[in-house]
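>>> test case, fold it:
(one chain, ligands or ions: 1)
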Amino acid sequence: MTDAIVIGLGADGSAAAAHLAGRGARVLGLEAFARGHTNGSSGGLTRVIRLAYYEHPDYVPLLKRAWQLWRDLEAATGEQLLKQTGGVYVGPRDGELVGGSLRSAREHGLEHELLDPAGLRARLPLFRFDADWWGLAEATAGYLLPDRCIAAHLALAERHEAELRFEERVLSWARDGGGVRVTTDRGTHRAAKLVIAAGAWNARLLPAIAPLLQVKRVPLFWFEPVAERDALATLPVYIVDSGLGHGCYGFPYLADQGLKIATHGAGTPADPDTVDREAHPDDELPIRAFIKDRLPVADGPVRMTKICMYTVTPDEHFIVDVDEPVAYASACSGHGFKFASVMGEVLADLALEGTTRHPIGFLSASRFAAARA
Ligand SMILES: Cc1cc2nc3c(=O)[nH]c(=O)nc-3n(C[C@H](O)[C@H](O)[C@H](O)COP(=O)(O)OP(=O)(O)OC[C@H]3O[C@@H](n4cnc5c(N)ncnc54)[C@H](O)[C@@H]3O)c2cc1C
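Residues are numbered from 1 along each chain as shown. The predicted model follows:
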């Protein structure tokens, strides 16, 4: 009999399949779309990874392990997955971005540099920041190549004899004796354990947490700069407080893509099955406004667009939990890709042992019940 079924072979599910199979479990992975698809939350060619996490210091131990596991995955597959560029996070000295990043860096003894306004201007001379803005810079940051990361985890899972089935959509699952029964559009499968990592579709499979999950449509844009391509190619990854209730972030210029700049924390409610996958002129407005205001050399034509989906919780932190024999990871709230390597390890722990040594208590589903009590 199969030891574990993994539903969804995107960022978290591919990693969980690799970790489970690597520990000798007999794994069946089920994915609704074709191998290499980008219909979920992992499309868009690049994802920021950073350690001085402004969102919450409790993520830092997970991030350290995630960074190591991405490097291990590169070594195991011979693929380059993570490009280290350094990172700079910019805004008011005591604002969420700089203040929060500094708190994480100090609490966890992370190497970092606090840049005063003059230091910030010298570090990122192509940008126009408010005169009193500061920066927090760290060397251990960069970007991941999500398509290749998922492909590498799938290859590793298969090397350990996982069976991966694509274009097989899970319709439902049920407890069955001590294990589970999973019904797909092609048949029924049984296993001792179940991992659910269905991204934006998690609400369909996890009714207990469905009310906590909101899917959002998020557009991505790549621009061709009007000048300074060489200097833009050496940028670190960056996040800038836009002053609009969400930040803008970006990557170095890549000749084959252009300059990717995006808003974080924005997006409109959507259904993953009917989401509008075309980018429209209105989608571009907030990013174009940011460019004109803060990075005028980038104010050239759009080269590419992509629509992606965030799944967010009320507090914008993930939900990672176990209700034996079912482990699940959900609602990576627009910042989850960088964690996928460690989430694979966590999900394998939760599925096989019912617990994990990783500090994920702050991500439990029960925190919302506790907050309501
Ligand atoms: C525009 C954008 C920018 C982002 N930027 C960053 C960033 O810079 N850094 C960062 O760390 N994170 C970032 N994120 C967040 C990150 O990409 C997501 O948290 C992560 O990709 C989510 O991974 P996942 O495994 O949950 O979902 P996915 O990778 O989407 O995987 C879910 C999989 O489940 C499959 N599935 C669903 N239902 C079923 C079913 N019934 N049967 C079988 N299979 C099913 C889907 O087809 C899909 O393949 C960004 C997200 C977006 C949208």
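
>>> so residue 202 lies in a helix, does it not?
Yes. When DSSP: H, G, I helix; E, B strand; the rest coil is applied, residue 202 is found to be in a helix.

>>> can you pull up the most central residue in this protein?
Relative to the mean C-alpha position of the chain, the nearest C-alpha, by C-alpha atoms, centre = their mean, is the one of residue 337, at 2.1 Å.

>>> surely it is in contact with residue 144?
Yes. Using C-beta atoms under 8 Å, residue 337 makes contact with residue 144 at a distance of 6.4 Å. For glycine as for every other residue, the C-beta is placed from the backbone atoms N, C-alpha and C.

>>> the ligand contacts on the protein?
Proximity of the chain to the ligand, by C-beta under 6 Å from any ligand atom, involves residues 7-13, 30-33, 40-42, 44, 47-48, 169-170, 197-199, 201, 218, 220, 262, 308-310, 332, 334-338.

>>> list residues touching both of residue 337 and residue 144?
Contact criterion C-beta atoms under 8 Å, 6 or more residues apart in numbering; residues shared by residue 337 and residue 144: 47, 49.

>>> one step back: contacts only, for the residue nearest to the centre of the chain.
Residue 337 makes contact with 11, 41, 42, 47, 49, 144, 146, 149 under the criterion C-beta under 8 Å, 6+ apart.

>>> neighbours of the closest residue to residue 65 other than its chain neighbours, how many?
Spatially, and ignoring its direct neighbours in sequence, residue 65 is nearest to residue 342 (4.6 Å; C-beta to C-beta, 6 or more residues apart in numbering). By other C-beta atoms under 10 Å, the residues close to residue 342 number 25.

>>> so residue 342 is in which element?
Per DSSP states H and E: residue 342 is located in helix 340-353.

>>> report pLDDT for whichever residue of the chain sits closest to the ligand.
Relative to the ligand, the nearest point of the chain is residue 10 (1.8 Å; C-beta to the nearest ligand atom). pLDDT for residue 10: 98.

>>> before we move on, what about the one 10 residues further on?
On the pLDDT scale, residue 20 is placed at 98.

>>> that one against residue 348, yeah?
Yes. At 4.7 Å, residue 20 counts as touching residue 348 under the criterion of C-beta under 8 Å.

>>> which neighbours do these two share?
Common neighbours of residue 20 and residue 348, using C-beta under 8 Å, 6+ apart, are residue 195.

>>> who has more neighbours out of those two?
Shown here are residue 20 and residue 348; by other C-beta under 10 Å, residue 20 has more neighbours (30 against 27).

>>> which SS state does residue 164 fall under?
Classification of residue 164 using three-state DSSP returns strand.

>>> any idea of the mean pLDDT in stretch 126-138?
97.

>>> list the buried residues of that stretch.
Going by neighbour count (16 or more other C-beta atoms under 10 Å), the buried part of stretch 126-138 is 127, 129, 133, 134, 135, 136, 137, 138.

>>> how far off centre is it?
Centroid separation for stretch 126-138 versus its chain: 25 Å, with C-alpha atoms, centre = their mean, to the nearest Å.

>>> what do you get for stretch 137-155?
10 Å.

>>> how about stretch 362-372?
21 Å.

>>> just the CA atoms of stretch 73-80, as CSV, please.
Extracted C-alpha coordinates of stretch 73-80, given in CSV (Å, rounded to 0.1, in the frame of the first residue of the first chain):
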residue,chain,number,x,y,z
LEU,A,73,18.8,20.6,-3.6
GLU,A,74,21.2,22.3,-6.0
ALA,A,75,23.9,19.9,-5.0
ALA,A,76,21.7,16.8,-5.3
THR,A,77,20.4,17.8,-8.8
GLY,A,78,23.2,19.8,-10.3
GLU,A,79,20.8,22.7,-11.0
GLN,A,80,21.4,26.3,-10.2
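
>>> so which bits of stretch 77-85 are buried?
Neighbour counts over stretch 77-85 (16+ other C-beta under 10 Å) mark 77, 81, 82, 85 as buried.

>>> enumerate every residue touching the first one.
With contact set as C-beta under 8 Å, 6+ apart, residue 77 has these partners: 152, 155, 156.

>>> which of those fall within helices?
Among the contacts of residue 77, DSSP state H puts 152, 155, 156 in helices.

>>> just checking, residue 40 touches residue 200?
Yes. The criterion here is C-beta under 8 Å, and residue 40 meets it with residue 200 at 6.0 Å.

>>> any shared contact partners between the two?
Shared contacts of residue 40 and residue 200, defined by C-beta under 8 Å, 6+ apart, are found at 272, 309.

>>> more neighbours: those two, which one.
residue 200 (27 against 23).

>>> so the more buried one touches residue 218, yeah?
No. Using C-beta under 8 Å, residue 200 and residue 218 do not qualify as a contacting pair, with a distance of 10.6 Å.

>>> what do the two both touch?
Shared contacts of residue 200 and residue 218, defined by C-beta under 8 Å, 6+ apart, are found at residue 309.

>>> who touches stretch 39-49?
For stretch 39-49, the surrounding residues in contact (C-beta under 8 Å, 6+ apart) are 8, 10-11, 33, 38, 63, 66-67, 70, 82, 87, 141-147, 150, 199-201, 220, 237, 239, 249, 251, 254, 257, 260, 272, 306, 308-311, 332, 336-338.

>>> repeat the analysis, applying 7 Å as the threshold.
Outside stretch 39-49, the residues that touch it by C-beta atoms under 7 Å, 6 or more residues apart in numbering are 10-11, 33, 67, 82, 141-146, 150, 199-200, 220, 237, 249, 251, 257, 260, 306, 308-311, 337-338.

>>> I'd like to know the average pLDDT value across it.
Confidence for stretch 39-49, expressed as mean pLDDT, is 97.
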